[in-house]
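Trainee: Build me a structure from this.
(chains A and B)
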Amino acid sequence: MGEVIVVTSGKGGVGKTTTTANLGTGLAKLNKKVVLIDTDIGLRNLDVVMGLENRIVYNLVDVIEGNCKRNQALIKDKKYESLFLLPAAQTKDKTSVTPEQMKKLTDELKEEFDYIILDCPAGIEQGFKNAIAGADRALVVTTPEVSAVRDADRIIGLLEANEIKNPQLIVNRLRPDMIKRGDMMSAEDVVDILAVELIGQVPDDENIVVATNNGEPLVGDNSLAGQAYMNICRRVTGENVPFLDLDSKKGLFSWLRKK
Amino acid sequence: MKITDIFKKKSSSDVAKDRLKLVLVSDRASCSPELMQRIRSDIIEVLSKYAEIDMDGIDINFTQMDAEDNTGKTLPALYANIPIKNMNHNVK
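Mentor: Reported below is the predicted structural model:
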C-alpha cells in the first residue's frame, strides 16, 4: 500500500514544484514506484520542470471526468521507468475537481504505487483542499523569510485541523553566508518558530535554475542542492540521514574530511 | 552580555524572528490588530475610571501560555502590564 504525500507551502514561489520534481525523481532513483500529480489546475508547471511538457495528451481533469482511462493520462518519465506524471489541466479551474474525487483517485493509485506525491497550488482555497484531501502526510516548504514562514504556520494549522498530523518542514533557499552574518534566519530558527519536525534544508543553489532550464531535476548529482534533495528522499523512506553542512565556502578539503 | 553588545545593532535575522513570533501569536489566536486595538482601548477606558494610567508604559498583547494539564500544548493568553500613576479615590 502506497503513501500519499502532499507538498505544500501557502505562499507561492518558495519551491513547491521544484521540491515535488526532485522528490519524485529521487524516490524513483531509490527504485520506488512513484506518481507525481500536479494539482495546480489552470497554472500547471510540474510538466515543464520535469521536462515532460511535450508528452501531455490527457490530464487530471480528463481522468476525473472519465474522458480517458487513468493510465492513459500517466506520462512516463524520460529516464526512470518507475516514475510517472499526471499533469494538471491548463484550461480549466480549481472547481473542476472536488476533494472527494481527489481522495478517490489517490486511494486507487495507492494500490499501484509506493508514493503518490501531490504538488499543491499556493493559497488555502479549493486547490489546497483538493490537494490535501487524500494525503497521508504533508511536507511544508518554506524559505527563511518572514512572509513565507508566516504562511507556513497558517498551512500547518490548516493541515492539523484536517487531520494531517505532524507535517514535516523543508527550508529552501538557505544562504549560509547570510546566515553567518546574521542577515538570514537559519533552518533551526525557522524550526524553532514553527515547532515542527525538519526533514530538509536546501541551499540557494544556481544549479537549480540550470536544472529547471533543462527540464531535468538535479536530485542526486554533486551539487549541494542535489545532495540535499537526495537526503530528503532518503528521510522520506524512513532512513536516518544527517543534515548536510551547507557552508560550501569551507572548501573541498574540510568537506572530504567530513565524509 | 558583553559591553560591546550594547553598541551592536540587532541583526536583521533576530529582528525577523522577533517580528514573526509576535505576528504568529496574533495569527494563531485569530485576533486581528483592529480587534486588539479595541480590546486595548476598552481596558484603558474601564481602568481610567478608577486610576490614572501611565499611557506610555502600557503593554497589552496576546502571548502563548503552557496549558495547565501539562500536555505540552500552548494556549493563547492575554498579557497586560498597565502601570498606575495614581489611584482615583473619589469614584462613586
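Trainee: right, and A:Val34 touches A:Leu86 too?
Mentor: No - assessed by C-beta atoms under 8 Å, A:Val34 is found out of contact with A:Leu86, at 11.2 Å. For the C-beta atoms, the positions are set from N, CA and C on the backbone; glycine is no exception.
Trainee: Quick check: residues of the stretch 101-250 of chain A near chain B?
Mentor: Near chain B, the residues belonging to the stretch 101-250 of chain A are A:144-146, A:149-150, A:153-154, A:157, A:179, A:181-186, A:189, A:192-193 when assessed by C-beta under 8 Å from any C-beta of the partner chain.
Trainee: Got a PyMOL select line for the buried ones in these?
Mentor: Buried subset of those, written as a PyMOL selection, criterion 16 or more other C-beta atoms under 10 Å in any protein chain shown:
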select buried, chain A and resi 144+145+146+149+150+153+157+179+182+184+185+186+189+193
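Trainee: Name the residue of chain A that lies nearest to chain B.
Mentor: Chain B sits closest to A:Gly182 of chain A, with a gap of 2.9 Å, by C-beta to the nearest C-beta.
Trainee: Pull the contacting residues for that residue.
Mentor: B:Ser11, B:Ser12, B:Ser13, B:Asp14 (C-beta atoms under 8 Å, 6 or more residues apart in numbering or on different chains).
Trainee: longest single helix anywhere in chain A?
Mentor: Using DSSP state H, we find that the single longest helix of chain A is helix A:146-161.
Trainee: Could I have the CA atoms of it written out in CSV?
Mentor: Extracted in CSV, the C-alpha atoms of helix A:146-161 (Å, rounded to 0.1, in the frame of the first residue of the first chain):
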residue,chain,number,x,y,z
VAL,A,146,9.0,36.3,7.4
SER,A,147,6.2,36.2,4.8
ALA,A,148,6.9,32.5,3.8
VAL,A,149,7.3,31.4,7.4
ARG,A,150,4.1,33.1,8.4
ASP,A,151,2.2,31.4,5.6
ALA,A,152,3.8,28.1,6.5
ASP,A,153,2.5,28.5,10.1
ARG,A,154,-1.0,29.0,8.7
ILE,A,155,-0.8,26.0,6.5
ILE,A,156,0.5,23.8,9.3
GLY,A,157,-2.6,24.9,11.4
LEU,A,158,-4.9,24.0,8.5
LEU,A,159,-3.2,20.6,7.9
GLU,A,160,-3.6,19.7,11.5
ALA,A,161,-7.2,20.9,11.5
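Trainee: State the mean pLDDT of that helix.
Mentor: Helix A:146-161 carries an average pLDDT of 95.
Trainee: What's the first helix or strand after that helix?
Mentor: Per DSSP states H and E, the first helix or strand lying C-terminal to helix A:146-161 is strand A:168-174.
Trainee: Pull the residues that contact the longest helix of chain A.
Mentor: A:8-11, A:14, A:124, A:128, A:132, A:138, A:140-142, A:167, A:169, A:185, A:190, A:193-194, A:196, B:16, B:19-20, B:23-24, B:27-28.
Trainee: would you say A:Val202 is within a strand?
Mentor: Yes - the assignment for A:Val202 (DSSP: H, G, I helix; E, B strand; the rest coil) places it in a strand.
Trainee: if I pick it, what's in contact with it?
Mentor: A:Gly15, A:Thr19, A:Ile170, A:Val171, A:Asn172, A:Arg173, A:Leu174, A:Ala225, A:Ala228, A:Tyr229, A:Ile232.
Trainee: one more time with 6 Å, if that's ok
Mentor: A:Val202 makes contacts with A:Asn172, A:Ala225, A:Ala228, as judged by C-beta atoms under 6 Å, 6 or more residues apart in numbering or on different chains.
Trainee: Export the residues you listed as JSON lines, with columns for pLDDT, neighbour count and distance to A:Glu65.
Mentor: Shown next, in JSON lines, are the contacts of A:Val202 (pLDDT from 0 to 100; neighbours: other C-beta atoms under 10 Å in any protein chain shown; distance: C-beta to C-beta, whole Å):
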{"residue": "A:Asn172", "pLDDT": "98", "neighbour count": "25", "distance to A:Glu65": "34"}
{"residue": "A:Ala225", "pLDDT": "97", "neighbour count": "25", "distance to A:Glu65": "38"}
{"residue": "A:Ala228", "pLDDT": "97", "neighbour count": "22", "distance to A:Glu65": "38"}
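Trainee: which residues of chain B fall in helices?
Mentor: Under DSSP H, chain B gives helices at B:3-7, B:12-28, B:33-48.
Trainee: nearest to chain A, of the ones you listed?
Mentor: Per C-beta to the nearest C-beta, nearest to chain A of the helices of chain B: helix B:12-28, 4.9 Å.
Trainee: list the helices and strands that closest one packs on?
Mentor: Counting contacts by 3 or more C-beta pairs under 6 Å, 6 or more residues apart in numbering or on different chains; DSSP states H and E, helix B:12-28 is packed against helix A:146-161.
Trainee: Before I go, just wanted to say thanks for your time.
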